[in-house]
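>>> I would like to see how this sequence folds:
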Amino acid sequence: MPHLRAVFAYVMAVSLSVVSSFAQTKGEGTNTAGGKAPVSVKSVHFDPAKLGGQKHPWTRMQVELQANFNPDSKDPKEGAKKAANKGWVDRVKVTVTQIYKSTAAKDASEFTYYRASATILTMEVGASGRSIYFYLPGDVVARDRLKGTPDYYYVQIEVGGNEIPLFDERGRPTPGMESALHKQIQDKKLFDGAKDLADRGVAANTGILRPQYLVAYSIFDQLPASSPSPEFIREDAGAR
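Residues are numbered from 1 along each chain as shown. The predicted structure follows:
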């Protein structure tokens, strides 16, 4: 028995070491500097938008972003190559999730979940904010009697394929990412529960919430001039 306990203890120690190493590697991939993310969320706004003569107003979600630094621009002493364009951040993927609860819903599993993504081609470091917009069709808003602002929402950012963490090791919102989280899910345990349900619930509404370049009527929308939209990588272009 003592021998078996020793073997079990050794296996557990090795397993914990592997998990710890994976967690550290995943964290390093985000390349934060002084606690700040390479791209942060400045603000999130929801507004009604009457588009192209449509009968019912759409719900427009504005996500304003700020590029802080290129995560590939590391100190050569650390053995990493400097980015060719250290004043720009490329391939910034923005994924938004909206959560609506109806009066008929008995619990969170019956809430309505929407999700959409778009990838920004490039953002200039230190420049004024740039905004990306997502639209929920007016007919859906009217049919389902959805509020102008969802009950909960969150924004996830990836830079070069690495996701920027929404929470630090203490379970608090990462500096610069507070606005990416609805105020009622800025506690990590609450957020994890909401995300788990959203990950399962969004499949029922695939393709309904859309980025601005997939909404033809968006050209008629009066967008804020102070935070212009960036250029996008059209990931849908190769779809058949």
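
>>> Helices of this structure, residue ranges please.
Remark: helices assigned in the chain by DSSP state H are 2-28, 138-143, 188-201.

>>> Would you mind confirming that residue 50 makes contact with residue 57?
Yes - the criterion here is C-beta atoms under 8 Å, and residue 50 meets it with residue 57 at 5.0 Å. The way it works is simple: take the backbone N, C-alpha and C, and place the C-beta from them, glycine included.

>>> How much space separates residue 232 from residue 200?
28 Å (C-beta to C-beta, to the nearest Å).

>>> er, residue 36 I mean
32 Å.

>>> more neighbours, those two?
A direct count of neighbours by other C-beta atoms under 10 Å for residue 36 and residue 200 places residue 36 higher, at 15 against 11.

>>> quick one: residue 61 from residue 49, how far?
10 Å.

>>> Looking at the two now, which is surrounded by more residues?
Taking neighbours as other C-beta under 10 Å, residue 61 and residue 49 compare with residue 61 leading, 25 against 22.

>>> okay but the more buried one is in contact with residue 97, surely?
No - in this structure, residue 61 is not within contact of residue 97 by C-beta under 8 Å, at 10.4 Å.

>>> got any residues that touch both of these two?
Shared contacts of residue 61 and residue 97, defined by C-beta atoms under 8 Å, 6 or more residues apart in numbering, comprise residue 153.

>>> got the residue ranges for the strands in the chain?
39-49, 58-67, 88-100, 112-124, 130-136, 152-159, 162-163, 210-211, 232-233 (DSSP state E).

>>> Given the first one, what are its sheet partners and their directions?
If I follow you right, that is strand 39-49. Sheet pairing of strand 39-49 (DSSP bridges) gives strand 58-67 (antiparallel).

>>> Please identify the buried residues of the strand it pairs with?
For strand 58-67, a neighbour-count test (16 or more other C-beta atoms under 10 Å) marks 58, 59, 60, 61, 62, 63, 64, 65, 66, 67 as buried.

>>> and if you look at stretch 210-218?
210, 211, 212, 213, 214, 215, 217, 218.

>>> any chance of those in a markdown table, with pLDDT and distance to residue 122 too?
Putting these into a markdown table (pLDDT from 0 to 100; distance: C-beta to C-beta, whole Å) gives the following:
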| residue | pLDDT | distance to residue 122 |
| --- | --- | --- |
| 210 | 96 | 22 |
| 211 | 96 | 17 |
| 212 | 95 | 17 |
| 213 | 93 | 16 |
| 214 | 94 | 20 |
| 215 | 93 | 22 |
| 217 | 83 | 27 |
| 218 | 84 | 21 |
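
>>> Farthest pair within the residues you listed?
Spatial extent of those (C-beta to C-beta) is set by the pair 211 and 217 at 13.4 Å.

>>> Alpha carbons only: can I get stretch 41-60 in PDB?
C-alpha atoms of stretch 41-60 as PDB (Å, rounded to 0.1, in the frame of the first residue of the first chain):
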ATOM      1  CA  VAL A  41     -12.300  47.700 -25.400                       C
ATOM      2  CA  LYS A  42     -13.000  51.400 -24.800                       C
ATOM      3  CA  SER A  43     -16.800  51.200 -24.700                       C
ATOM      4  CA  VAL A  44     -19.900  49.300 -25.800                       C
ATOM      5  CA  HIS A  45     -23.100  50.900 -26.900                       C
ATOM      6  CA  PHE A  46     -26.500  49.700 -28.100                       C
ATOM      7  CA  ASP A  47     -28.800  51.900 -30.300                       C
ATOM      8  CA  PRO A  48     -31.900  51.400 -32.500                       C
ATOM      9  CA  ALA A  49     -31.100  51.800 -36.200                       C
ATOM     10  CA  LYS A  50     -33.700  52.300 -39.000                       C
ATOM     11  CA  LEU A  51     -32.100  50.800 -42.000                       C
ATOM     12  CA  GLY A  52     -33.000  51.100 -45.700                       C
ATOM     13  CA  GLY A  53     -36.700  51.500 -45.300                       C
ATOM     14  CA  GLN A  54     -37.100  48.400 -43.100                       C
ATOM     15  CA  LYS A  55     -40.300  48.400 -41.100                       C
ATOM     16  CA  HIS A  56     -38.800  47.600 -37.700                       C
ATOM     17  CA  PRO A  57     -35.600  49.200 -36.300                       C
ATOM     18  CA  TRP A  58     -32.600  47.000 -36.000                       C
ATOM     19  CA  THR A  59     -30.500  46.900 -32.800                       C
ATOM     20  CA  ARG A  60     -27.000  48.200 -33.400                       C
END
